[in-house]
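Colleague: prediction below, plus the sequence it came from.
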Amino acid sequence: MTKIEENALQEFVDVVRRLRKECPWDKVQTNRSIRHYTIEEVYELAEAIDQGKWDEVKGELGDILLNVLLHAQIAEDEGRFTLVDMVKAETRKMIERHPHVFGNVEAETPDQVKVNWERIKTEAGRESIFDGIPVAFPALARAFKIQDRAARVGFDWGLADEVWTKVEEEIGELKGVLAGNNPERVEEEFGDLLFSLVNYARHIGVNPESSLRMATEKFVKRFLYIEDQLDKRNVSLHDATLGEMNELWEKSKKDL
């Protein structure tokens, strides 16, 4: 780290410490009271990255760093740990979990790194490979993470085609409970289908959470186009026919 970088970081730390002492809002915050802000900032960063808005990415990363420093300062004020404690612990963890960089373990591929990572965490006393995956994660993201953890210890399908066969099997089971008028199992079978699709996404190198977010934003963009075009025709969205909306939907694919 250069002297300029050190000075910039120290200035930011000093600003956060002063805010905790002098700002009426910052003084009363707790780690729990600001945690939802931290979550929101991460989502805003993800959106900026997806949109390729790099000036916004810079700003959102700054907001996340602010949250990290504020969480650490609150913890220090309450006698739990200091910023230095946090940084030193994370540094040790990174060194321990990258023996292929800082030790004599060999890992030539990203998959080998993942396997080593899981083995090290298990040896460190983790009770389950799923420890550390929050239940509060978005469902698609949690399914992806759980499948990835299981795959790191060898519990996985060999080929993407095998996973797709499972997807088709789950589609058949869902159709079966729908045809059999078995409503209590519909949600379960639909969940199994989604879980299989997440697995297939993982095998073809697609992050399902990001993919669905992109698809949703594409839908929103095209529907906003419909609203705009109907407005230009002086037609209310509520009065428009499905045929009119479908016509504009197809037109949006060409114009956007």
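Modeller: On my side now, so go ahead. Numbers count the residues shown, from 1 in each chain.

Colleague: which residues of the stretch 51-200 of the chain fall in helices?
Modeller: Taking DSSP state H, counting those that start in this stretch as the criterion, the stretch 51-200 of the chain contains helices spanning 54-77, 83-96, 99-102, 110-123, 139-152, 160-179, 183-203.

Colleague: need these in TSV (columns: mean neighbour count, distance to Ala8 and mean pLDDT).
Modeller: Heads up, the C-betas are built off the backbone N, CA and C, glycines and all. Output for those, formatted as TSV (neighbours: other Cβ atoms under 10 Å; distance: least, Cβ to Cβ, whole Å; pLDDT from 0 to 100):
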stretch	mean neighbour count	distance to Ala8	mean pLDDT
helix 54-77	16	11	97
helix 83-96	12	15	94
helix 99-102	13	27	91
helix 110-123	15	31	79
helix 139-152	18	33	93
helix 160-179	14	46	95
helix 183-203	17	39	95
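
Colleague: now render those as TSV, adding distance to Cys23.
Modeller: Shown next, in TSV, are the helices of the stretch 51-200 of the chain (distance: least, Cβ to Cβ, whole Å):
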stretch	distance to Cys23
helix 54-77	11
helix 83-96	18
helix 99-102	40
helix 110-123	38
helix 139-152	34
helix 160-179	52
helix 183-203	43
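
Colleague: and Lys218, what helix or strand is that in?
Modeller: Using DSSP states H and E, Lys218 falls within helix 208-232.

Colleague: what's that helix packed up against?
Modeller: In terms of contacts (3 or more Cβ pairs under 8 Å, 6 or more residues apart in numbering; DSSP states H and E), helix 208-232 is packed against helix 31-50, helix 139-152, helix 183-203, helix 242-255.

Colleague: again, only this time at 6 Å
Modeller: Secondary-structure packing of helix 208-232 (3 or more Cβ pairs under 6 Å, 6 or more residues apart in numbering; DSSP states H and E): helix 139-152, helix 242-255.

Colleague: among those, which comes closest to His71?
Modeller: helix 139-152 (21.7 Å; Cβ to Cβ).

Colleague: and the angle for the closest one with helix 183-203?
Modeller: Orientation check (axes from the mean of the first three to the mean of the last three Cα atoms, to 10 degrees): helix 139-152 against helix 183-203 gives 60 degrees.

Colleague: burial measure for the residue nearest to Ile120 when sequence neighbours are not counted, as a count.
Modeller: Distances taken as Cβ to Cβ, 6 or more residues apart in numbering put Arg97 closest to Ile120, at 5.2 Å, once the chain neighbours are dropped. Neighbour count of Arg97, defined by other Cβ atoms under 10 Å: 18.

Colleague: chain center to the helix holding Lys218: distance?
Modeller: 21 Å (Cα atoms, centre = their mean, to the nearest Å).

Colleague: buried set for stretch 19-28?
Modeller: Leu19, Arg20, Asp26 (16 or more other Cβ atoms under 10 Å).

Colleague: would you turn these into CSV with distance to Lys145?
Modeller: Output for those, formatted as CSV (distance: Cβ to Cβ, whole Å):
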residue, distance to Lys145
Leu19, 34
Arg20, 34
Asp26, 33
